[in-house]
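Asks: Sequence and predicted structure are below.
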Amino acid sequence: MATYQELSEAIQKGNAPKSKELTSALLAEKKPAGEILNKGLLDGMDKVGQRFKCNEIYIPEVLIAARAMNQSMEILKPELVKAGVKPIGKMLLGTVKGDLHDIGKNLVKMMAQGAGIEVIDLGIDVSGDKFVQGFKDNPDAKTVGMSALLTTTMTGMKEVIGKFEAEGMRGKVKIMVGGAPLTDQYAKEIGADGYAPDAASAAEKFKAFLRA
Ligand code: B12
């Protein structure tokens, strides 16, 4: 008999074949899809996030764990839909205009997905208008995440926040910023709602915003 603990451990080790096998086995044993998600996959990613935050593991391990989770999610998704298990909320995410760096953004995406959040990834080089359009297309998104890796592009974040204000939409979303040159202080200066230094803390903050 497969256990949630074994699945969580397979995710933590980034063992995709094993985690897929265990996901299928748990489904075959008629375990509820929501429990497989929460007690197996998300539990595993949560532990990966904690260890990443404490510098016990590094980016490659996180990427490998996320790949195992994504592959298991493919198996689980149809069952989750059938069971009516909904994501805890939706967020928009993008790297700001003029900036092509996306490794950090993609890590934030994986961790947020690992926390049960639906992520609309707007990609790289995302203008203020594109962020605003993204929100118009997804009015149920309650949070927006912006990433910047260049000191020359991070200044664009303030403009994006200004666009949300101009459209009368600022009060409807919580805006989080991140990326290597960013600081909590800078986030406050430009009127963002939050900042996180790494993907695991980012996912925790997004979750808290969505649950508030
Ligand atoms: C990889 C890389 C590239 C790759 C990008 C590939 C890709 N697909 O992303 C390539 C080669 C394309 C590139 C190009 C350039 N790069 Co570059 N690049 C890097 C490098 C080496 C690593 C960045 C990275 O991925 N780090 C790893 C990730 C995981 O870290 P992170 O992004 O900070 O993300 C973490 C957190 O910040 C946070 N986070 C990230 N996003 C978000 C978002 C939210 C909402 C939240 C809450 C948190 C959060 O969580 C993440 C995970 O923990 C850095 C140097 C360095 N060591 O940082 C230079 C660096 C960022 N690049 C730099 C430069 C100058 C450039 C170029 C201008 C070079 C050139 N002359 O052409 C171009 C610019 C292209 C452009 N227009 O964007 C400079 C920036 C200097 C500055 N202060 O502005 C750096 C610092 C190198 C240096 N020391 O000079 N680069």
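Replies: Looks like it came in fine. Residues are numbered from 1 along each chain as shown.

Asks: Quick one: name the residues of this structure near the ligand.
Replies: For the chain, the residues in contact with the ligand (C-beta under 6 Å from any ligand atom) are 59, 98-105, 107-108, 145-147, 149-152, 176-181, 196, 198-199, 202. From N, CA and C alone the C-beta is placed, and that goes for glycine too.

Asks: so what does the longest helix along the chain touch, helix or strand wise?
Replies: In the chain, assigned by DSSP state H, the helix with the most residues is helix 59-83. Contact analysis of helix 59-83 by 3 or more C-beta pairs under 8 Å, 6 or more residues apart in numbering; DSSP states H and E lists helix 4-13, helix 16-28, helix 33-35, helix 43-53, helix 103-114 as its packing neighbours.

Asks: Just want the angle from the next helix or strand after that helix to helix 103-114.
Replies: Next along the chain after helix 59-83, taking DSSP states H and E as the criterion, comes strand 89-96. For strand 89-96 against helix 103-114, the angle by axes from the mean of the first three to the mean of the last three C-alpha atoms, to 10 degrees is 180 degrees.

Asks: Direction included, what does strand 89-96 pair against?
Replies: Sheet pairing for strand 89-96, assigned by DSSP bridges, gives strand 117-126 (parallel), strand 141-147 (parallel).

Asks: Can I get the first one in PDB? Just the C-alpha atoms.
Replies: Extracted as PDB, the C-alpha positions of strand 117-126 are listed here (Å, rounded to 0.1, in the frame of the first residue of the first chain):
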ATOM      1  CA  ILE A 117      -2.000  28.600  -6.300                       C
ATOM      2  CA  GLU A 118      -3.100  28.900 -10.000                       C
ATOM      3  CA  VAL A 119      -0.400  31.000 -11.800                       C
ATOM      4  CA  ILE A 120      -1.000  32.900 -15.000                       C
ATOM      5  CA  ASP A 121       2.500  33.400 -16.300                       C
ATOM      6  CA  LEU A 122       2.700  36.500 -18.500                       C
ATOM      7  CA  GLY A 123       6.300  35.700 -19.300                       C
ATOM      8  CA  ILE A 124       9.300  38.100 -19.700                       C
ATOM      9  CA  ASP A 125       9.500  41.700 -20.900                       C
ATOM     10  CA  VAL A 126       6.000  42.400 -19.600                       C
END
